[in-house]
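Colleague: Sequence first, then the predicted structure:
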Amino acid sequence: MTKPFRLIPLALSVAFATNAGAACLTDAQAADLVANYLARIPAANPENLSDADGACTRAKVNALLAPRLGKVVGYKAGLTNPAVQKRFNTDKPVWGKLYEGMVLDSGATVEAAFGARPLYEADMLVRVKSAAINQARTPMDVLQAIDQVIPFIELPDLVVQAPPKLNGAAISAINVGARLGVAGEPLAVPVLRAERYAMLDALRDMQVRLQDSSGTVLGGGKGSDILEHPLNAVVWLAGALAQEGLAMQPGDLISLGSFSPLLPPKPGLAVTATYYGLPGAVPVRVQFK
């Protein structure tokens, strides 16, 4: 049985997070960032951001993206893997919004230069079934409030001129790099309780691998690399959204985070993500041109 997950405390209050702090991007700076994102041109790095500044900037960026990208279809939990946290000099996750048109079907062909600073990673989506997910405290709580687990190769875009200088707050500011992703065949959550426990164990213990068309392993990891259990990303997200007066809704897609290093695409590369040890999971594939 999976252990309950202890929520990471958030230092943000709603009021603090939505008021401009010392380094929250100005409206003009946020507009420049979004213009560069839409043009796929590297933007100036947001610098010296506190967590509250990152949240403030993310809110401005999302307000500008919404008229261009359309309906919000879900959320992404980012920096949920300690190895990725270390890369960006932080010790906690962040979140961003997913918009209509960001999620493509498995087998899609995507430009290698799909963003200003394009990357790919092995990820996973879940689909929300019930608003009870917003009170989830354990992976089983999450499993009872979703109806699908979906193999997913995320295609994030770190957007900025100097990605190595990004930290957690700056990642938040750029909407966690949400750009595109390729979703595979949904795996239905079983009805029987015993089968749900088996799925929980499989999600925790699965080995996720990225391979090219020749079978060469490009990267990967295991289920427990994400906060000890991948569904703990949703537990964390529920608390983080509540801090800002938001909630997941039935039908929302939730990206759980990276099981692999973030890797650069190149033209001609075909990437497949396989979820070994998760019964019924069909590999998901993307082709770069």
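Modeller: Sure, I can see it.

Colleague: All the strands of the protein, in order from the start?
Modeller: 72-78, 94-99, 103-105, 109-110, 121-128, 146-155, 180-183, 187-188, 207-211, 217-222, 253-255, 270-276, 284-288 (DSSP state E).

Colleague: The third one - contacts with which helices or strands?
Modeller: Think strand 103-105. Here strand 103-105 touches strand 180-183, going by 3 or more C-beta pairs under 8 Å, 6 or more residues apart in numbering; DSSP states H and E. Heads up, the C-betas are built off the backbone N, CA and C, glycines and all.

Colleague: Pull out the buried positions in the strand it packs on.
Modeller: By 16 or more other C-beta atoms under 10 Å, the buried positions in strand 180-183 come out as 180-183.

Colleague: Need the CA coordinates for it. CSV is fine.
Modeller: What follows is strand 180-183, C-alpha atoms only, in CSV (Å, rounded to 0.1, in the frame of the first residue of the first chain):
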residue,chain,number,x,y,z
LEU,A,180,3.0,21.0,-26.5
GLY,A,181,2.9,17.3,-25.7
VAL,A,182,1.9,14.0,-27.3
ALA,A,183,-0.7,11.8,-25.6
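
Colleague: For Thr26, give its distance to Ala169.
Modeller: Thr26 sits 16 Å away from Ala169, going by C-beta to C-beta, to the nearest Å.

Colleague: okay, those two: which has more neighbours?
Modeller: More crowded of Thr26 and Ala169, by other C-beta atoms under 10 Å: Ala169, with 24 against 11.

Colleague: what pLDDT does that one get?
Modeller: Reported pLDDT at Ala169 in the predicted model: 94.

Colleague: The residue nearest to it when sequence neighbours are not counted: neighbouring residues, count only.
Modeller: Once flanking residues are discounted, Ala169 sits nearest to Gly54: 3.3 Å by C-beta to C-beta, 6 or more residues apart in numbering. Per other C-beta under 10 Å, the neighbour tally for Gly54 reads 26.

Colleague: Could you work out the end-to-end span of stretch 157-177 for me?
Modeller: 5 Å (C-alpha to C-alpha, to the nearest Å).

Colleague: Distance from the chain centre to that stretch, please.
Modeller: Going by C-alpha atoms, centre = their mean, to the nearest Å, the spacing between the C-alpha centre of stretch 157-177 and its chain's C-alpha centre is 13 Å.

Colleague: ditto for stretch 84-96
Modeller: How far stretch 84-96 lies from its chain's middle: 11 Å, per C-alpha atoms, centre = their mean.

Colleague: And for stretch 200-218?
Modeller: On C-alpha atoms, centre = their mean, the centre of stretch 200-218 falls 18 Å from that of its chain.

Colleague: sorry, back to before: reformat the buried residues of strand 180-183 as CSV; add pLDDT and distance to Ile254.
Modeller: As requested, the buried residues of strand 180-183 are exported to CSV (pLDDT from 0 to 100; distance: C-beta to C-beta, whole Å):
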residue, pLDDT, distance to Ile254
Leu180, 98, 16
Gly181, 98, 12
Val182, 98, 16
Ala183, 98, 12
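
Colleague: What residues does the most centrally placed residue in the chain make contact with?
Modeller: For the chain, the residue nearest the mean C-alpha position is Lys76 (3.4 Å; C-alpha atoms, centre = their mean). Listed by C-beta atoms under 8 Å, 6 or more residues apart in numbering, the contact set of Lys76 reads 95-98, 154, 176, 178, 254-255, 257.

Colleague: at 10 Å instead, please
Modeller: Counting by C-beta atoms under 10 Å, 6 or more residues apart in numbering, Lys76 makes contact with 93-98, 102, 123, 125, 154, 156, 175-178, 181, 233, 237, 253-257.
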